[in-house]
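*Asks:* Need coordinates for the below:
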Amino acid sequence: MVEPGGRHTGRTGHPLGTGVLRAGPVTATFEAGVLRWITLGDEEIVRAIYSAVRDSSWDTIVPTFSDYEVEQGDDSFVVRFCAEHVRGEVDFAWFGLIEGTSDGTIRFSMDGVARHVFRRARIGFCVLHPREFAGRPLEIETPWGSFSGTFPTRIASVSMFNNIQTMRHSMPSGARVSIRFEGDLFETEDQRNFGDASFKTFCTPLCLASPVLVEEGDKVRQVVTISVVPGPVRSARRVREGSAVVQVGEVPVAPLPSIGLCAARFPVSVPDEAVARLRSLRLAHLRVVADADGPELEDQCAEGHRLARALGCPVELELVSDPSGIGVDEAIARFSTPDVGLAHLLVYDRATSISTKGGISRARASAQGHGLRVPIGGGSRGYFAMLNMNAIPIEMLDVVTYGTSAQVHAFDDATVMENVATLADTVDTGRSIAAGRPLAVGPVGMTYPFNPWAVTTMPPRPDGMPYGYDRRQSTQFGAAWTLGALSALARPGVGSVTLGELTGWRGVIAASQTGMPRLPCPDGTPFPVFDLLADIAGFGPCPDVLPVTTPPGIAVLALRQSGRIRVLVANLKPTAQRVSVRFRHAEGTVVRGLTAARLESEPTTVADDVGVSSHSGRLVSLEMGPYAIARVDRQGAGPRSQGRTARLAR
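*Replies:* Here you go, the predicted structure:
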């Protein structure tokens with residue numbers, strides 16, 4: 001935190017330091033060139049303000065920063081810094097100035113210049129409004145007059161508000177908020193389409209042609225001004241930091257969706273011991289992607305069959321072709337063998353990543369011709385946006401699909417964790433699109449395996465990882481995120497969920513991959529996400545999902561089968577917190593850390609990140625470390641289970 005009268009200066013490459021800033025009654029966090037979590041008391045006014053530079057493929061060019069200075073007074077502040085976005089042909093630099101005044105006004109300006117000729121999809125400010133604004137009314141001022149609107153509850157398929165100069169709305173406390181935009185015309189879209197937990201107001205309008213040629217020396221100046229006037233109602237008392245209560249209900253809400261994994265994209269060597277472990281996950285399917293009319297079809301078929309036999313599960317076949325489905329007949333013929341079943345047959349156009357009438361018709365006719373009774377699925381093989389924004393022939397499908405990523409627009413830990421909640425919104429809107437058909441969601445991961453809008457091969461990420469891979473997959477962070485995703489997707493209407501890959505950097509077990517960096521652990525080592533899936537699979541087939549009340553910063557998946565209950569709890573925060581799990585009735589409990597399934601054979605793998613601080617018949621209080629996962633088992637009701645004590649398996 002920057003203390004009153006404090007002054008921080010320096011030079012840095014990336015990122016800038018973090019500081020909590022105060023402007024009268026308003027507070028904000030400054031981190032890595034982004035103004036985050038602008039709040040009035042306990043009310044979140046704006047989730048983030050930042051300037052984005054996106055290349056011709058809509059990929060975000062991550063900036064580096066230098067020459068930053070932060071001044072914090074008693075109730076005002078000034079932040080100055082320089083930013084550079086350089087990658088490939090893109091070369092853009094700008095000076096940032098953020099000023100907060102005692103009357104609750106924050107003004108963020110950018111002055112930038114192109115230092116090279118390049119094509120861009122976007123340059124300019126983005127303002128994120130919290131996902132929780134859904135259903136809130138507001139007023140929009142444009143150059144041609146004002147109008148009223150509402151942040152949508154269902155995920156909007158098109159931009160909701162256009163040609164924005166100023167937007168105004170009220171908070172539950174009665175506070176009045178005004179956000180003014182200068183330097184371009186702005187519009188608001190529903191970022192939940194792309195997996196983000198926000199609505200975004202941005203420039204330049206999407207109705208204009210893209211990408212745009214930027215000449216050397218072209219200048220960009222923009223300003224966003226936020227004014228907050230407190231209301232007469234006090235905000236609710238803040239809950240004590242680190243305290244969270246989870247209430248577990250009794251009436252199931254839905255069956256747990258079946259869970260599958262993908263075959264690896266990059267060549268990977270799978271150790272023998274890894275295959276045996278993967279079989280223990282009892283996967284519902286293995287998703288195999290194949291080019292229906294491509295030269296590698298035979299190899300893709302052979303490898304898919306080999307892995308499916310080893311895992312003892314059917315194939316979920318994803319075929320990409322042209323709009324008419326060329327090659328689909330041959331691909332189905334190759335994959336339809338007596339020893340390997342097909343869970344789903346998914347068909348998409350290679351160019352648009354959505355399903356077409358021609359492809360679906362050919363797939364259905366071919367499946368019938370081979371005597372296959374397999375559900376034909378489709379929709380989007382990319383993001384939910386592509387299902388929501390395109391005319392998909394839903395009436396021709398048995399199963400409706402879409403994928404998701406947690407970092408289409410931002411990559412930091414806080415945003416990635418925050419975005420898991422949006423998956424529940426995609427299900428609610430997806431069910432209305434599917435019209436009674438089950439949803440097959442996937443791949444589901446922190447990153448997506450490809451960019452459906454890319455016009456060129458995607459470059460590696462700043463940390464050297466190929467596009468679609470994330471080093472956090474192998475960590476406790478990745479396991480906590482996955483539990484959050486599964487808990488959000490475990491809802492009525494979802495038939496199946498496909499997570500990442502079997503092994504390697506997108507997998508659940510370490511394995512070397514050609515052309516990839518070395519993993520942080522030996523081949524064959526299970527990642528924490530493996531232990532999470534093992535705890536789910538080990539509970540038994542087809543459990544029901546129980547309702548839970550979940551506080552912010554916590555993810556919970558509660559399962560019931562044959563009178564037994566298993567509750568998996570994840571701390572989604574980078575700091576420790578106490579979590580209390582409350583049941584309706586007093587029964588016996590056993591509490592374990594994430595890696596309890598491998599305690600006897602690998603005791604050194606257990607992290608000391610979960611502890612039991614107190615226990616009663618109805619309440620278990622857990623002390624959870626950063627991104628820790630705990631398992632609470634209820635052994636069943638009745639006199640025999642009474643009096644059992646909670647224990648932490650170590």
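
*Asks:* wait, what's in contact with Leu297?
*Replies:* Contacts for Leu297 (Cβ atoms under 8 Å, 6 or more residues apart in numbering) come out as Ala290, Asp291, Gly327, Glu330, Ala331, Arg334. No exception for glycine: its C-beta is placed from N, CA and C like everyone else's.

*Asks:* for these, which one is nearest Leu35?
*Replies:* Asp291 (44.4 Å; Cβ to Cβ).

*Asks:* Thr549 versus the closest one, what's the distance?
*Replies:* Applying Cβ to Cβ, to the nearest Å, the value for Asp291 to Thr549 is 46 Å.

*Asks:* Of the contacts of Leu297, keep whichever come out buried.
*Replies:* For the contacts of Leu297, a burial check counting by 16 or more other Cβ atoms under 10 Å picks out Ala290, Gly327, Ala331, Arg334.

*Asks:* re earlier: between all of the contacts of Leu297, which two are at the greatest distance?
*Replies:* Farthest-apart pair in the contacts of Leu297 is Asp291 and Arg334; separation 11.9 Å (Cβ to Cβ).

*Asks:* circling back to that earlier point, in JSON lines: the buried ones among the contacts of Leu297, plus secondary structure and distance to Val251.
*Replies:* JSON lines is the format used below for the buried ones among the contacts of Leu297 (DSSP: H, G, I helix; E, B strand; the rest coil; distance: Cβ to Cβ, whole Å):
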{"residue": "Ala290", "secondary structure": "strand", "distance to Val251": "42"}
{"residue": "Gly327", "secondary structure": "coil", "distance to Val251": "48"}
{"residue": "Ala331", "secondary structure": "helix", "distance to Val251": "44"}
{"residue": "Arg334", "secondary structure": "helix", "distance to Val251": "46"}
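
*Asks:* tell me which of those residues is nearest to Cys82?
*Replies:* Nearest to Cys82 among these is Ala290, at 47.8 Å by Cβ to Cβ.

*Asks:* so what's that closest one up against?
*Replies:* Ala290 neighbours (Cβ under 8 Å, 6+ apart): Glu296, Leu297, Gln300, Cys301, Gly304, Leu317, Glu318, Leu319, Val320, Ala331, Phe335.

*Asks:* now the closest residue to the first one other than its chain neighbours: how far from Gln368?
*Replies:* In space, and not counting its chain neighbours, Glu296 is closest to Ala290: 8.0 Å by Cβ to Cβ, 6 or more residues apart in numbering. Separation of Ala290 from Gln368 (Cβ to Cβ): 20 Å.

*Asks:* Now tabulate the contacts of Leu297 in CSV and tack on pLDDT.
*Replies:* CSV is the format used below for the contacts of Leu297 (pLDDT from 0 to 100):
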residue, pLDDT
Ala290, 94
Asp291, 94
Gly327, 93
Glu330, 93
Ala331, 93
Arg334, 91
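
*Asks:* can you give me the helices for the stretch 301-450 of the chain?
*Replies:* Here the stretch 301-450 of the chain has its helices, by DSSP state H, counting those that start in this stretch, at 328-335, 357-369, 384-388, 413-418, 422-434.

*Asks:* Contact partners for His409?
*Replies:* Contacts of His409 by Cβ under 8 Å, 6+ apart are Ala52, Thr60, Cys126, Gln191, Phe194, Asp196, Lys200.

*Asks:* Number of residues surrounding the third one?
*Replies:* Here the number of neighbours of Cys126 (other Cβ atoms under 10 Å) works out to 22.

*Asks:* Specify the beta-bridge partners of it.
*Replies:* Using DSSP bridges, the bridge partners assigned to Cys126 are Tyr50, Phe202.

*Asks:* So which residues of the stretch 551-650 of the chain form strands?
*Replies:* 554-561, 564-571, 577-582, 589-593, 610-615, 619-624, 629-634, 648-649 (DSSP state E, counting those that start in this stretch).

*Asks:* what about the residue nearest to Thr142 when sequence neighbours are not counted, which SS state?
*Replies:* Nearest residue to Thr142, sequence neighbours excluded (Cβ to Cβ, 6+ apart): Asn163, at 4.2 Å. What DSSP: H, G, I helix; E, B strand; the rest coil gives for Asn163 is strand.

*Asks:* Make sure Asn163 is actually in contact with Pro143.
*Replies:* Yes: if you go by Cβ atoms under 8 Å, Asn163 and Pro143 touch, sitting 6.6 Å apart.

*Asks:* Settle it for me: which of those two has more neighbours?
*Replies:* More crowded of Asn163 and Pro143, by other Cβ under 10 Å: Asn163, with 16 against 8.

*Asks:* and that one, what is it in contact with?
*Replies:* By Cβ under 8 Å, 6+ apart, the residues touching Asn163 are Thr142, Pro143, Trp144, Leu185, Phe186, Glu187, Pro205.

*Asks:* And the pLDDT for Tyr548?
*Replies:* Tyr isn't right for residue 548; it's Val. Listed pLDDT for Val548 reads 96.

*Asks:* so it touches Glu250, yeah?
*Replies:* No: counting by Cβ under 8 Å, Val548 stays clear of Glu250, with 11.0 Å between them.

*Asks:* Specify which member of the contacts of Ala290 is nearest to Ala558.
*Replies:* For the contacts of Ala290, the residue nearest Ala558 by Cβ to Cβ is Glu318; the value is 31.2 Å.

*Asks:* neighbours of the closest one, just the number please.
*Replies:* 22.

*Asks:* which residues does it bridge with?
*Replies:* Beta-bridge partners, per DSSP bridges, of Glu318: Val289, Leu346.

*Asks:* can you pull the contacts of it?
*Replies:* Shown in contact with Glu318 (Cβ under 8 Å, 6+ apart): Arg287, Val288, Val289, Ala290, Leu346, Tyr348, Arg381.

*Asks:* try it again with 6 Å
*Replies:* Residues near Glu318 by Cβ atoms under 6 Å, 6 or more residues apart in numbering: Arg287, Val289, Leu346.

*Asks:* Among those, which one sits closest to Gly445?
*Replies:* Proximity to Gly445 was ranked across the contacts of Glu318 by Cβ to Cβ; first place goes to Arg287, at 12.1 Å.

*Asks:* where's the residue lying closest to Lys219 once chain neighbours are set aside relative to Val86, distance?
*Replies:* Sequence neighbours aside, Val113 is the residue nearest to Lys219 in space, at 5.2 Å (criterion: Cβ to Cβ, 6+ apart). The gap separating Val113 from Val86 is 13 Å, by Cβ to Cβ.

*Asks:* Kindly report the same for Leu35.
*Replies:* 23 Å.

*Asks:* ok, those two, which is more surrounded?
*Replies:* Shown here are Leu35 and Val86; by other Cβ under 10 Å, Leu35 has more neighbours (24 against 16).

*Asks:* Please look at that one and Val26 and confirm they touch.
*Replies:* No: assessed by Cβ atoms under 6 Å, Leu35 is found out of contact with Val26, at 11.0 Å.

*Asks:* Quick one: the helices in the stretch 451-600 of the chain, in order.
*Replies:* Counting by DSSP H, counting those that start in this stretch, the stretch 451-600 of the chain has helices at residues 476-489, 528-537.

*Asks:* which of the ones you listed is buried the deepest?
*Replies:* Of all the helices of the stretch 451-600 of the chain, helix 476-489 has the most neighbours on average by mean count of other Cβ atoms under 10 Å, namely a mean of 26.

*Asks:* No more questions from me, cheers.
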